[in-house]
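Q: Give me a model of this one.
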Amino acid sequence: MSSWSAPAGHKGEHVAVKKDDESVKTKSGDKTVAGNGNKPPTSYSAKDIQVLEGLEAVRRRPGMYIGTTDIRGLHHLVREVLDNSIDEAMNGTCDRINVWIHKSNDITVADNGRGIPVDKQQQTGKSALEVVHTILHAGGKFGGAGYKVSGGLHGVGVSVVNALSTELVVEVHREGKVWTQTYARGKPTGPVKAVAKAQLPPPPAIEWKEPRLTGTVTRFTPDPEVFPIIEWDAAVVEQWLRETGYLNKGLFLTLRDERNDTEANYYFDGGIMSFVRHLNRSHQALHAKPVYAEKTYENDTVVEVALQYNDSFVEKVYTFANNINTIDGGAHLTGFRTALTRTINAYARKNGQLKDADPNLTADDVREGLTAVISVKIKEPQFEGQTKTRLGNAEVAGQVAAAVNDALGQYLEENPPDARRIVDKCLTAFRAREAARKARDLVLRKGALDGFSLPGKLADCQERDPEKSELIIVEGVSAGGNAKSGRDRRFQAILPLRGKILNVEKARADKMLGNEEIKALIVALGTGIGEYFDAKKLRYGKTILLADADVDGAHIRTLLLTLLYRHFRPLVDEGRIYIGQPPLYRLQLGKEVRWAYSDNQRDKAIKELKTLAKAKRDKRAEDKRAEKGEAEEEKPVKGRRRAAQPAADGQEAADGEGATSTDEGTDDGKGGREPAISRYKGLAEMNAEQLWDTTLNPLTRTLKRVTLEDAEQADFAFDELMGTEVEGRKKWIMANASKAELDI
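A: Numbering: from 1, shown residues only. Have a look, this model is predicted:
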């Protein structure tokens, strides 16, 4: 693997084209802007090249280093500092990490590792502590003896955090002394120095172990000039700590949130075996103890695998390389799947569960109901892409396959009852897959002619560009009829559903594909499902779920979300699924009408309408006084005054001051009017025009986009709330009953 090194005089510097002024003067003295079709720039020379010193490149383009400057980018700062401490733990030199979220929104991370070196670094002549905090691509993870294994490869982590913080303070406990240095937006405010007393918390210790006297403590304050919102989500940090605890057995991690005085601790002696049990907590396991494999190879690669089958139909496999979640898999996942399929087939044939004439079980058959965690630790990991989502080390596939083959084969031989249950589940999956294939082929054949075989209930749109069209799935046939009448047929397609669809969390694919409503949805979207999913055949860029604003509507939305998450996952990942928000209330006072989507909006609308009505009353009263003054001057005849009276009364009624019992409001008993309020529970209660105004019109409707932030939590939510395990669902309902908003 080749690497490029900057000239000695510019270590850690970036080169960029100077763009102080986009306009360029021509010979005639006129200014033109490059790229707008006018005259091109007259010169381009060395003076147009700008060198960004030190960490200036990070502050100028933070997105290159942390992805975004929104909440995700903000939390990435914690991860970068935390990863340095985790690297110490992976090398066996750290057993406790503490994280604090302070009331001031500062973050402190402390570990009891070896402590960052403070002596002079030869290339720069500066303290190593200052080098790693102020120079990009500087660190101890480039193949030296400092780390056998690490997640950091580029040496940019803590220096980027430093650059994007108004202040960063680091204290190193090493060689019996405390060394410290403070930085302001990436620049040291003073030299590295030894102090008699530490200002930050000391390196943490585990109570039942002999305390370590070394470690690194870092406290930083995110820069509000870079991050528009500085608000920490403790749940995000907790998830990282929990995941890290599972992947590094024996590591103690603590999060203290001073904002609400809470503390969370994570320590797992079982490592990834505990992780698998945690993932399976909402299911019935087929075998009590997870299968566990651990093997260390000559090149220092460590392979750990834990797997357990459950009674569900969903595969949950998580892969990690040097503690980094490789969500796109890679060589370690390939090796695991190869060994799993081969080993189960070999055992099934040896024990007669598969006959000679029977075909082999496929990878899909042996993965149904499987929960597994694969963790590899590699000295020189090769990730595909900067995001590190896929592992590219080809040799790891064989290493993982060998470890899984040995451990799983031994487990099956030593535990015949468990082995039979596992193979029986795989055989059942095989038979169901064959039935599902036939049903799927039927559905695909129905959709082969595209528009000519679309469901009869689908009211398609005229637009053929998917990015400009949307499919609106409406609960109920009558509401669907109103939606068809009220929609904009140029780009809005309507698919009404009759009743509740099948809960796919409890059903295999063959049963699911026998459901007429689900088949209609599959054909309408055009992509196919599961392994046959083809995003290029998607017919609508947006899919909008529109259900009643009651308990049944919420249930139907949940059933649809379960279907889309389990079988149309790419649509969820790409943010193409939306939930339409029908209004809860219609308020009218006089001719003024307001729609409210919550109780708070209703209360605001009442005040707004009453204020508006009062303003109109005051204006009419003022106009009457003015008319009365003019009338006295002109001394009008009595008949004219009587004739004018009904018109005035009619105006009052129109603006909320007339009869006391109409749809336009009621008497409040104080000389004013109360708006007439209608509570809507069903979409069918609105006519086509009202449905367009409130839920279909892109200019006035409210949509919620369905996003996926944590796949593990999403899996657990669907497992627990929609799965077969009743006890877990019952506990969840009891724990969250107080949060329910029931319309009784």
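Q: Kindly provide the whole-number mean pLDDT of the lengthiest helix in the chain.
A: Criterion DSSP state H: the longest helix present in the chain is helix 599-634. Averaging pLDDT along helix 599-634 gives 81.
Q: Name the nearest residue to residue 555, sequence neighbours excluded.
A: Excluding the flanking residues, the one nearest residue 555 by Cβ to Cβ, 6 or more residues apart in numbering is residue 500, at 6.5 Å. Using the backbone N, CA and C atoms, a C-beta is placed for each residue, glycine as well.
Q: While we're on the one you found, how confident is the model there?
A: So residue 500 comes in at 85 (pLDDT).
Q: circling back to that earlier point, which strands and helices lie in contact with the longest helix of the chain?
A: If you count contacts as 3 or more Cβ pairs under 8 Å, 6 or more residues apart in numbering; DSSP states H and E, helix 599-634 packs onto strand 585-589, strand 592-596, helix 638-654, strand 673-674.
Q: In terms of mean pLDDT, which of those ranks lowest?
A: Lowest mean pLDDT within these: helix 638-654, a mean of 44.
Q: Pull out the buried positions in stretch 536-546.
A: For stretch 536-546, burial by neighbour count (16 or more other Cβ atoms under 10 Å) applies to 538-546.
Q: cool, stretch 597-605 as well?
A: 597, 601-602, 605.
Q: Adding distance to residue 718, write the residues you listed out as CSV.
A: As requested, the buried residues of stretch 597-605 are arranged in CSV below (distance: Cβ to Cβ, whole Å):
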residue, distance to residue 718
597, 26
601, 30
602, 32
605, 36
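Q: Tell me the strands beside the strand ranked longest in the chain, with direction?
A: Ranked by residue count and defined by DSSP state E, the top strand of the chain is strand 165-174. Strand 165-174 pairs in its sheet with strand 177-184 (antiparallel), strand 215-222 (antiparallel), by DSSP bridges.
Q: what about the first one, distance to the chain center?
A: In this view, strand 177-184 has its centroid 36 Å away from the chain centroid, taken as Cα atoms, centre = their mean, to the nearest Å.
Q: Return the list of helices and strands in contact with the following helix or strand past it.
A: Next along the chain after strand 177-184, taking DSSP states H and E as the criterion, comes strand 187-188. Here strand 187-188 touches helix 128-134, going by 3+ Cβ pairs under 8 Å, 6+ apart.
Q: Quick check: which helices or strands does the helix it packs on pack against?
A: So helix 128-134, by 3+ Cβ pairs under 8 Å, 6+ apart, packs with helix 157-163, strand 165-174, strand 177-184, strand 187-188.
Q: Paired strands for the helix or strand following the last one, with orientation please.
A: Under the assignment DSSP H and E, the closest C-terminal helix or strand after strand 187-188 is strand 193-195. Using DSSP bridges, strand 193-195 pairs in its sheet with strand 177-184 (antiparallel).
Q: looking only at pLDDT, what's the mean for the partner strand?
A: Strand 177-184 carries an average pLDDT of 94.
Q: Could you list the residues in contact with it?
A: With contacts defined as Cβ atoms under 8 Å, 6 or more residues apart in numbering, strand 177-184 is touched by 118, 127, 129-130, 133-134, 162, 165-172, 188-199.
Q: can you pull the buried residues of that strand?
A: Within strand 177-184, the residues that count as buried by 16+ other Cβ under 10 Å are 178-181, 183.
Q: Lovely, talk soon.
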